[in-house]
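>>> dropping the sequence and predicted coords here.
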Amino acid sequence: MKLLVTGREGQIARSLLALSGGPVEIVAVGRPELDLLDHASLRRALEVHRPDLVVSAAAYTAVDKAESERDAAFAANADGAAALSSAAAALDMPIVHISTDYVFPGDKASSYSEEDATGPRTVYGASKLAGEAGVAAQNPAHAVLRVAWVYSPYGQNFLKTMLRLAADREEVRVVADQVGTPTYAPDIAKGILAVARHIAAGPEKGDWRGLFHLVAGGETNWAEFAREIFRCSAERGGPSARVVDIPTDAYPSPAPRPANSRLDTARFQRTFGLALPAWQDGTRRCVDELLR
Ligand SMILES: NC(=O)C1=CN([C@@H]2O[C@H](COP(=O)(O)OP(=O)(O)OC[C@H]3O[C@@H](n4cnc5c(N)ncnc54)[C@H](OP(=O)(O)O)[C@@H]3O)[C@@H](O)[C@H]2O)C=CC1
Ligand SMILES: Cc1cn([C@H]2C[C@H](O)[C@@H](COP(=O)(O)OP(=O)(O)O[C@H]3O[C@@H](C)C(=O)[C@@H](O)[C@H]3O)O2)c(=O)[nH]c1=O
Ligand SMILES: [Mg+2]
């Protein structure tokens, strides 16, 4: 089975590439060959590589910058995602599209399920929500996986930022009133492969289409996540810093972050028979990998 993932350097793309081999061949295709802003390039890339499944992971992910670059965020995350889905449909290819917890307002008291009403509070979130709708409208053979708080040894993410800050600071101030689940990109990649296997097994395996939440086990807040990162790092002789809890309003940013980013993953577990490891487990593996 061959998977084509969009974006070459993205955290999820690189994590998937690391799993390529054996019965699963994975190709990652990015700019300029595949550009979400150049719709003809999408069709062309799918024709050249002829995957059995398209994984739509490339996106405009700069949450704060998106507030002042609305058109750019929507062009990639809404129009680009829909165009990719349409190109896949035209070639009879199923698509797995990656979305985000930021489609929710974050004011619910418990975890969000796939049934809950969305209501993004940011341009990034709104553009990703429009992308979900576009992907679904263009291709009936779609699964949308909402993931959250993604980190990995690749690209830019909160875990790498914390280790970088700790290298020359004794103390970092981190918001403690936003809850969610940090999720290790290589674990998300395993989740995507579970979906791919399910699709490859054929219709008797049951329906795989629709909307799913996919995050690691457990929940925490950014300050606790930072503490866990530093605990793992210090054990291995890496950088660490003291974490000071701060409220959201002490860390002003152009885009408001949801207070509650928790996602209920029961539907994914039921459908694909896989639960991701606890967030602390991924944190340890990521720090180990970076300090190796
Ligand atoms: N990071 C997170 O915390 C979360 C991410 N997500 C979603 O998961 C998916 C993967 O995220 P992640 O791996 O972290 O993303 P990254 O920001 O690490 O990578 C995004 C990728 O998209 C590519 N890209 C951006 N614009 C275009 C374009 N116009 N055409 C082609 N490729 C483009 C980038 O290419 P280049 O390398 O050239 O810049 C990059 O490879 C995204 O859909 C994101 O919305 C959801 C929840 C949390
Ligand atoms: C660096 C830093 C961040 N923070 C806070 C800001 C924010 O509330 C939280 C996380 O910061 P980030 O910049 O990683 O947040 P952000 O880029 O918004 O992360 C999001 O990215 C997009 C793509 C998603 O889809 C989301 O799931 C989520 O992972 O930590 C501190 O409190 N102190 C710090 O020193
Ligand atoms: Mg960020």
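In hand now; what should we look at? Since the model is a prediction, treat every value here as computed from it, not as a measurement. Ligands and ions are numbered 1, 2, ... in the order given.
>>> can you show me the helices along this structure?
11-17, 39-49, 63-66, 70-74, 81-90, 123-138, 158-166, 185-200, 222-235, 266-272, 279-291 (DSSP state H).
>>> among these, which comes closest to Gly106?
helix 123-138 (9.5 Å; CB to CB). (C-beta placed from N, C-alpha, C; glycine too.)
>>> make CSV from the helices of the chain and add mean pLDDT to it.
Converted to CSV, those look like this (pLDDT from 0 to 100):
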stretch, mean pLDDT
helix 11-17, 98
helix 39-49, 98
helix 63-66, 98
helix 70-74, 98
helix 81-90, 98
helix 123-138, 98
helix 158-166, 98
helix 185-200, 97
helix 222-235, 98
helix 266-272, 98
helix 279-291, 98
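>>> out of those helices, flag the one nearest ligand 1.
When the helices of the chain are compared by CB to the nearest ligand atom, helix 11-17 sits nearest ligand 1, at 3.4 Å.
>>> touching ligand 2 at all, the closest one?
No. Using CB under 6 Å from any ligand atom, helix 11-17 stays clear of ligand 2, with a minimum separation of 9.6 Å.
>>> packing partners of that helix?
strand 2-6, strand 25-29, strand 150-151, helix 185-200 (3 or more CB pairs under 8 Å, 6 or more residues apart in numbering; DSSP states H and E).
>>> near ligand 1, which residues of the stretch 151-292 of the chain show up?
Counting by CB under 6 Å from any ligand atom, the stretch 151-292 of the chain sits next to ligand 1 at Gly155.
>>> reformat the helices and strands packed on helix 11-17 as CSV; add distance to Glu235.
Shown next, in CSV, are the helices and strands packed on helix 11-17 (distance: least, CB to CB, whole Å):
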stretch, distance to Glu235
strand 2-6, 33
strand 25-29, 33
strand 150-151, 18
helix 185-200, 20
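>>> tell me how many other residues crowd His49.
Other residues near His49 come to 16 when the count uses other CB atoms under 10 Å.
>>> I figured it hits Val5, correct?
No. His49 is beyond contact range of Val5, at 10.4 Å (criterion: CB atoms under 8 Å).
>>> which residues do these two both contact?
Val27, Val29 (CB atoms under 8 Å, 6 or more residues apart in numbering).
>>> report the buried residues of stretch 238-252.
Buried positions in stretch 238-252, judged by neighbour count with 16 or more other CB atoms under 10 Å: Gly238, Pro239, Ser240, Ala241, Val243, Asp245, Ile246.
>>> can you tell me which of those residues are in strands?
Residues of those located in strands (DSSP state E): Val243, Asp245, Ile246.
>>> got the residues of the chain near ligand 2?
So far as CB under 6 Å from any ligand atom goes, the chain lies against ligand 2 at 61, 63, 100-102, 148-150, 158, 161, 172-175, 178, 222, 251, 257.
>>> using TSV, please lay out the helices of the chain together with distance to Ala117.
Shown next, in TSV, are the helices of the chain (distance: least, CB to CB, whole Å):
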stretch	distance to Ala117
helix 11-17	26
helix 39-49	31
helix 63-66	21
helix 70-74	21
helix 81-90	21
helix 123-138	11
helix 158-166	27
helix 185-200	24
helix 222-235	25
helix 266-272	16
helix 279-291	26
